[in-house]
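> My questions concern the predicted model and sequence given below.
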Amino acid sequence: MSTTVEVLGLGNSLVDILAYADDDYLNAQDMVKGAMNLIDEDRAEALYAARVDPRVISGGSAANTIVGVASFGVASAYIGKVRHDPLGDAFVSDIRSTGVAFSTPPAAHGPATGRCFIYVTPDGERTMNTYLGASSYLSPPDVDEALVRAAKVIYLEGYMWDRPAAKSAFQKAGAIAREAGRQVALTLSDSFCVDRFRGEFIELMRSKTVDTIFANTDEILSLYETPHFDEALDALRAEGVLGVVTRSEKGCIVVEGEQTWEAPAFPIAKLVDTTGAGDMFAAGFLSGLARDADMTTCGRLGALAAAEIIQHLGARPNVSLEMLASEKGIRI
């Protein structure tokens with residue numbers, strides 16, 4: 001079967017509520033700076049009531065990535081769950097407006113559409129408090145087998161592992177994709193997420209359910225429980241996967257067996273908000289991967305998208321990434 005979708009993403013469908021805050025506010029709210037903290041509906045309502053001049057934008061890690069892929073002009077689709085409520089309706093409208101194919105039926109009952117409260121401190125660091133809501137009720141029947149088979153690359157979000165139904169949907173999509181001979185990528189999402197599911201993430205690689213791993217430095221150190229980056233990188237090499245590791249201002253390093261590629265970070269005028277940096281890096285890299293670009297070009301595309309996103313508030317691009325790549329002389 002030929003591919004009609006270049007990149008398909010599965011993830012938690014959330015609406016982001018972004019606001020600026022200082023360290024004192026985070027401490028007063030008992031938040032762990034720089035982390036993604038899972039919260040319940042009562043906590044979500046309390047934070048929503050305490051918000052200060054927020055900006056509301058459709059989000060979710062994999063959803064942000066797939067929107068970035070579409071911005072590169074690469075055919076993309078997304079599978080995720082929202083409730084049929086005002087925030088859910090806004091999410092559906094937003095993601096479709098970017099050119100992403102999205103047809104997962106919304107839930108008529110149950111928890112409200114998920115949301116993520118993102119607090120950005122003056123140093124550009126982001127602290128997330130996430131109420132998964134309806135997003136965690138994505139289940140195997142929501143996985144369109146024909147759509148998975150039609151995609152060249154399938155991108156799975158590690159955060160989905162937090163709820164059994166979403167985890168099962170993840171496993172179903174991975175199995176279908178592998179049977180169809182598609183490339184399956186996993187983002188480790190967050191070092192705290194890795195702490196919760198370290199053994200299972202490693203098994204996904206060793207069972208060949210996934211063949212591509214996206215991680216940042218903290219996540220790869222957590223995965224292999226070592227403070228030494230080179231040691232963690234060697235362990236990743238031994239897994240027999242394509243490993244893509246971002247290193248903030250140091251750019252990225254890509255490994256596959258004994259092969260190594262590196263791409264530097266793009267210079268920026270000012271760091272405003274790191275929200276979505278990893279998501280956009282994955283968008284650029286996946287766009288190159290889907291177009292059979294070499295690894296260095298994939299890394300440069302990722303670095304370019306990450307540089308764009310951290311210079312403004314929010315986790316979705318403000319400009320066409322396809323045009324931005326063209327301006328920089330990068331072809332995909």
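On my side now, so go ahead. Numbers count the residues shown, from 1 in each chain.
> Show me the helices in this protein, by range?
23-28, 41-49, 61-71, 86-97, 145-150, 164-179, 191-206, 217-223, 229-238, 277-290, 295-309, 321-327 (DSSP state H).
> Give the buried residues for the fifth one.
Neighbour-count burial for helix 145-150 flags 147-150 (criterion: 16 or more other CB atoms under 10 Å). For every residue, glycine as well, the C-beta is placed using N, CA and C.
> what does the average pLDDT come to for it?
Averaged across helix 145-150, the pLDDT comes to 96.
> Check the third one too.
Helix 61-71 shows an average pLDDT of 97 in the prediction.
> Model confidence for the nearest residue to Ala290 once chain neighbours are set aside, exactly?
Leaving aside its sequence neighbours, Ala290 sits nearest to Glu6 (CB to CB, 6 or more residues apart in numbering; 4.0 Å). Listed pLDDT for Glu6 reads 97.
> hang on, Glu6 packs against Tyr155?
No: counting by CB atoms under 8 Å, Glu6 sits too far from Tyr155 to count as a contact (10.8 Å).
> These two: which has the busier surroundings?
Tyr155 (31 against 22; other CB atoms under 10 Å).
> pretty sure the more buried one contacts Arg182?
No: shown here, Tyr155 and Arg182 do not form a contact pair, counting by CB under 8 Å, at 10.8 Å.
> Where does pLDDT dip in the chain?
Filtered on pLDDT under 70, the chain yields the residue ranges 1-3, 51-52.
> what do you get if the cut-off is 80, keeping everything else the same?
Scanning the chain for pLDDT under 80 picks out 1-3, 48-54.
> rewinding a little: what about the residue nearest to Ala290, distance to Val254?
Distance, Glu6 to Val254, by CB to CB, to the nearest Å: 19 Å.
> Report the beta-bridge partner residues of Ala215.
Legend: beta-bridge partners of Ala215 under DSSP bridges are Val245.
> Quick one: residues contacting it.
187-188, 223, 236, 243-246 (CB atoms under 8 Å, 6 or more residues apart in numbering).
> Using TSV, lay out those residues together with distance to Glu200 and neighbour count.
Below are the contacts of Ala215 laid out as TSV (distance: CB to CB, whole Å; neighbours: other CB atoms under 10 Å):
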residue	distance to Glu200	neighbour count
Thr187	14	29
Leu188	11	24
Leu223	11	23
Leu236	16	23
Gly243	17	23
Val244	20	28
Val245	20	21
Thr246	22	25
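> Just the closest of the residues you listed to Phe197, please.
Leu188 (9.0 Å; CB to CB).
> shouldn't that closest one be in contact with Ile213?
Yes: if you go by CB under 8 Å, Leu188 and Ile213 touch, sitting 6.8 Å apart.
> just to revisit the earlier point, output the buried residues of helix 145-150 as CSV; include the columns distance to Asp89.
Formatted as CSV, the buried residues of helix 145-150 follow (distance: CB to CB, whole Å):
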residue, distance to Asp89
Leu147, 22
Val148, 26
Arg149, 29
Ala150, 27
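> out of those residues, who's nearest Tyr159?
Among the buried residues of helix 145-150, and counting by CB to CB, the member closest to Tyr159 is Val148, at 19.2 Å.
> Would you quantify the distance from that closest one to Gly329?
Val148 sits 34 Å away from Gly329 when distances are taken as CB to CB.
> and what of Leu289?
19 Å.
> just to revisit the earlier point, need the contacts of Ala215 in JSON lines with distance to Asp53, can you?
Formatted as JSON lines, the contacts of Ala215 follow (distance: CB to CB, whole Å):
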{"residue": "Thr187", "distance to Asp53": "30"}
{"residue": "Leu188", "distance to Asp53": "32"}
{"residue": "Leu223", "distance to Asp53": "37"}
{"residue": "Leu236", "distance to Asp53": "41"}
{"residue": "Gly243", "distance to Asp53": "40"}
{"residue": "Val244", "distance to Asp53": "36"}
{"residue": "Val245", "distance to Asp53": "36"}
{"residue": "Thr246", "distance to Asp53": "30"}
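> Please identify which of those is nearest to Asp123.
Distances from Asp123 to the contacts of Ala215, taken as CB to CB, are shortest for Thr246 (18.2 Å).
> show me the contacts for that closest one.
Residues counted as contacts of Thr246 (CB under 8 Å, 6+ apart) are 214-217, 252, 277-278, 281, 302, 306.
> rerun at 6 Å
Residues near Thr246 by CB atoms under 6 Å, 6 or more residues apart in numbering: 216, 252, 281.
> Could you do Ala112 as well?
By CB under 6 Å, 6+ apart, the contact list for Ala112 reads 83, 85, 133.
> who wins for most neighbours among the residues you listed?
Counting by other CB under 10 Å, top hit in the contacts of Ala112: Gly133 with 27 neighbours.
> any idea how far the closest residue to that one other than its chain neighbours is from Asn64?
Leaving aside its chain neighbours, Gly133 sits nearest to Gly114 (3.6 Å; criterion: CB to CB, 6+ apart). Separation of Gly114 from Asn64 (CB to CB): 14 Å.
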